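Enquirer: Sharing a sequence plus its predicted fold:
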2 protein chains.
Amino acid sequence: MSLTRCLLVKTEVKEFIKQCMLAVGTNASHASSLADVLVEGDLRGHYSHGLNRMDLYVKEIQAGICAKEGGPVVEKESVATALVNGKNLLGPAVGNYCMSLALKKAQDVGIGWVVAYGSNHYGIAGYYSMQALKKNMIGMCYTNSSPLMVPTRGKECTLGTNPISVAAPAKDGDSFELDMATSAVALGKVELSARNGCSIPEGWGCDADGLPSSDPNAVLSGGGLVPVGGSETTGGYKGYGLALMVEVFCGILAGSHYSKYIRTWRKTDSKANLGQCFVALNPEFFADGFNDRMSDLLSIHRNLESTVPEMPVMVPGDPERRHNQTCLELDGIPYSLSVVKHMNKVASTLGVTLLLPTHRLIQ
Amino acid sequence: MSLTRCLLVKTEVKEFIKQCMLAVGTNASHASSLADVLVEGDLRGHYSHGLNRMDLYVKEIQAGICAKEGGPVVEKESVATALVNGKNLLGPAVGNYCMSLALKKAQDVGIGWVVAYGSNHYGIAGYYSMQALKKNMIGMCYTNSSPLMVPTRGKECTLGTNPISVAAPAKDGDSFELDMATSAVALGKVELSARNGCSIPEGWGCDADGLPSSDPNAVLSGGGLVPVGGSETTGGYKGYGLALMVEVFCGILAGSHYSKYIRTWRKTDSKANLGQCFVALNPEFFADGFNDRMSDLLSIHRNLESTVPEMPVMVPGDPERRHNQTCLELDGIPYSLSVVKHMNKVASTLGVTLLLPTHRLIQ
């Protein structure tokens, strides 16, 4: 069997991403922030939001449609809320700023609800909501995104995969970590099936006529993802409603681009001007014993008898924790060789030291 | 064809419910509040949360497991948050109090996040989130509920249908009104199929072994509803994650009963002690032009070409608006005769004047 994957050490991938971003002129702190969130995506097993996307960020800085320097600015503020102008900076620079502001407000008055316009892709939404865990608070994060989802009964993509992310702290460092697209699946899963020549399950996407399709190519060319819930009969209108809810919290509240006005996915011909929403909620302002109840809720579910004995009942965050644990045991993050080769090609045009995948090939 | 439905006037149904609740000793204002929310459920077409449930509230007061008198009490408070003891009052008495408190806070500091413990069933969640529309604010409401849903991979009901409700104001009285159970469908739909001897679509429920089932009786006896998204392959773990999120906002934050500790559905052997969450968010504290963007977002979607020409693309709240409109045109709310007869039986034991369904029978 051919070796198609390699193990890379977390710190070397971070440094590699940082150097590529620096080479195109990105501010050092913003480059570091981006490297952190992308590698965290990979560690959690969300490879679609990791190193795999580095070239997009490089291109956006090169094309001059994403700012290299500067800082987000608060435009309106109360003790519990803020409207932030992201100044077209890299998403993580905006996201870290806003989440830290929300946490400060939640420390003082129990809640901080911060929305940003003028932002860009920020990696996994969970990276920001999980920042609340360090302060023993609940974190939430939402973003709008390029149209990829077709509403129930529709034929046209008018909504992004608009994720919902909520993190809540339990005892002893354990936590609830929901981080989900409001589409049935991520685009990456459909792309992978297309590459492998496989069909996809009904309930993932539709063709250009808005009809359910199990052909990944029909979904990718003219069709789109469907909302979680699938068809109208099985509750797809609920996923559609949730995607709209995320748009209300992001683009509509922030005054950024929204819905079909957001640029096409993978196009770097104009500014993204995404809207994002960051919330921190302090359990100290509510009933005592939050962490205990949270741990109990997780235990109730983890201890349930499973329909498939070798596949236990999990809670949101468990699959990601397992992937992280695997990386620890392997002493590295497993990457597909093709992704590493592609990013090395990008790096070589920038004069950046390449990753060395051939040192640690794995199956 | 036999006539199985009747038209009843809104005010007469409200008065009927109020009189039944007064007859068992409920405080007049609480009885009125309950009548209002139940009839609103019926007007919006959510009959499972309307007159159809009156007997449950009557039984709870009669059994002494729900308080007849008193008022909710704030136990902890900041400018933006509150923890409320619902004092085991009827849900609407707690809900109206909490939502009004959240709105007051949002008027002052942009957001109000209020959670209550010691509450009871409160009708449709949307009734509370929609109270924000009158103040041109975004409203949200969540409640936990009796276990009816089986988590992904599980065999046992550990979560309620835990609804998510978000309302947001557009221009000219138009609005976004999401009000959805996090289960694929409501229990009522499965019960109806069982009564009619029909099978149910795959993706609605599972049997006692946690396996997908299209037999409504299997779902109702030992099985359970499945989360929105259906099976694991089609993203059912997302609906499961959302139901847990609602539990975090409700039972875990409020310190009420939660998950499997909530009493069995339809049992009136102990206090419910539900946890509920009420949020108001003031667009004035964010980007100008909220209502315009909101209207535009709704228009974009309502104007999409539909896959089925006679069934237009809708936005959350449209089906309910249509039902409401039908009631206006009919000059009454259409009820199933069997529901009215059952409630009249309850009323006759209480010495309350009966509804007169036979005056206006319809098909």
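Expert: Arrived safely.
Enquirer: Could you check how far residue A:347 is from residue B:190?
Expert: Counting by Cβ to Cβ, to the nearest Å, the gap from residue A:347 to residue B:190 is 56 Å. All C-beta spots, glycine's among them, are computed from the backbone N, C-alpha and C.
Enquirer: Can you tell me the SS state at residue A:275?
Expert: strand (DSSP: H, G, I helix; E, B strand; the rest coil).
Enquirer: Count the neighbours of it for me.
Expert: 32 (other Cβ atoms under 10 Å in any protein chain shown).
Enquirer: Equivalent analysis for residue A:65, please.
Expert: Neighbours around residue A:65, by other Cβ under 10 Å: 18.
Enquirer: Who has more neighbours out of residue A:347 and residue B:190?
Expert: Each of residue A:347 and residue B:190 has its neighbours counted (other Cβ under 10 Å); residue B:190 has more, 25 against 21.
Enquirer: Helix or strand: which one has that one?
Expert: Using DSSP states H and E, residue B:190 sits within helix B:187-195.
Enquirer: List of residues touching the following helix or strand past that helix?
Expert: Using DSSP H and E, the helix or strand that follows helix B:187-195 in sequence is strand B:205-206. For strand B:205-206, the surrounding residues in contact (Cβ atoms under 8 Å, 6 or more residues apart in numbering or on different chains) are B:150, B:155, B:184, B:190, B:212-213, B:216, B:218-219, B:223-226.
Enquirer: redo that, cut-off 7 Å
Expert: Strand B:205-206 is touched from outside by B:150, B:190, B:212-213, B:219, B:223-226, with contacts defined as Cβ atoms under 7 Å, 6 or more residues apart in numbering or on different chains.
Enquirer: what does stretch A:15-30 give?
Expert: With Cβ under 7 Å, 6+ apart, stretch A:15-30 has contacts from A:31-32, A:34-35, A:38, A:51, A:54, A:57-58, A:61-62, A:68-69, A:89-90, A:93, A:346-347, A:350-353, A:355.
Enquirer: Return the residues in contact with residue A:156.
Expert: With Cβ under 7 Å, 6+ apart, residue A:156 has these contacts: A:150, B:304.
Enquirer: if we go to 8 Å?
Expert: Residue A:156 touches A:150, A:210, A:224, A:260, B:304-305, counting by Cβ under 8 Å, 6+ apart.
Enquirer: Kindly indicate the member of the residues you listed with the most neighbours.
Expert: That'd be residue A:150 among those, by other Cβ under 10 Å, with 29 neighbours.
Enquirer: where does the closest residue to that residue other than its chain neighbours sit relative to residue A:144, distance-wise?
Expert: Take residue A:150 and drop its neighbours on the chain: the residue closest to it by Cβ to Cβ, 6 or more residues apart in numbering or on different chains is residue A:224, 4.0 Å away. From residue A:224 across to residue A:144, the span is 16 Å (Cβ to Cβ).
Enquirer: And for residue A:168?
Expert: 23 Å.
Enquirer: Name the surrounding residues that touch stretch A:340-353.
Expert: With Cβ under 8 Å, 6+ apart as the criterion, stretch A:340-353 contacts A:6, A:8, A:16, A:19-20, A:23-24, A:51, A:54-55, A:58, A:354-355, A:357.
Enquirer: what's the closest of those to chain B?
Expert: residue A:51 (25.3 Å; Cβ to the nearest Cβ).
Enquirer: Could you check the pLDDT of that closest one?
Expert: Residue A:51 carries a pLDDT value of 96.
Enquirer: can you tell me which residues contact the spatially closest residue to residue A:38 that is not a sequence neighbour?
Expert: Leaving aside its chain neighbours, residue A:38 sits nearest to residue A:50 (4.8 Å; criterion: Cβ to Cβ, 6+ apart). Contact analysis of residue A:50 by Cβ under 8 Å, 6+ apart lists A:38-42, A:123.
Enquirer: out of these, which are inside strands?
Expert: Within those, no residue falls in strands by DSSP state E.
Enquirer: and which of these is nearest chain B?
Expert: The closest of these, once distances to chain B are taken by Cβ to the nearest Cβ, is residue A:41, at 18.2 Å.
Enquirer: How many residues are close by that closest one?
Expert: Based on other Cβ under 10 Å, the number of other residues close to residue A:41 is 22.
Enquirer: try the one 10 residues further on
Expert: Residue neighbour count, defined by other Cβ under 10 Å, stands at 25 for residue A:51.
Enquirer: so it sits right up against residue A:339, yeah?
Expert: Yes: using Cβ atoms under 8 Å, residue A:51 is in contact with residue A:339, at 6.3 Å.
Enquirer: For the helix holding residue B:190, which helices and strands make contact with it?
Expert: On a contact count with 3 or more Cβ pairs under 8 Å, 6 or more residues apart in numbering or on different chains; DSSP states H and E, helix B:187-195 meets helix B:216-220.
Enquirer: can you list the residues that contact the helix it packs on?
Expert: B:190-191, B:193-194, B:198-200, B:204-208, B:213, B:225.
Enquirer: got it, and stretch A:68-84?
Expert: Under Cβ under 8 Å, 6+ apart, the answer for stretch A:68-84 is A:24-27, A:30, A:61, A:85-87, A:89, A:93-94, A:97-98, A:101-102, A:105, A:108-117, A:254-255, B:79-80, B:109-111, B:282, B:285-287.
Enquirer: Pull the distance from it to the chain's centre.
Expert: 22 Å (Cα atoms, centre = their mean, to the nearest Å).
Enquirer: of the contacts of strand B:205-206, closest to residue B:239?
Expert: Closest approach between the contacts of strand B:205-206 and residue B:239, by Cβ to Cβ: residue B:226, at 7.5 Å.
Enquirer: ok, the closest one - contacts?
Expert: B:149-150, B:152, B:183-184, B:203-206, B:212, B:236, B:239.
Enquirer: Make CSV from those and add pLDDT and distance to residue B:159 to it.
Expert: Shown next, in CSV, are the contacts of residue B:226 (pLDDT from 0 to 100; distance: Cβ to Cβ, whole Å):
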residue, pLDDT, distance to residue B:159
B:149, 97, 5
B:150, 98, 8
B:152, 97, 11
B:183, 97, 8
B:184, 94, 13
B:203, 88, 17
B:204, 93, 16
B:205, 95, 14
B:206, 96, 13
B:212, 94, 18
B:236, 95, 12
B:239, 98, 10
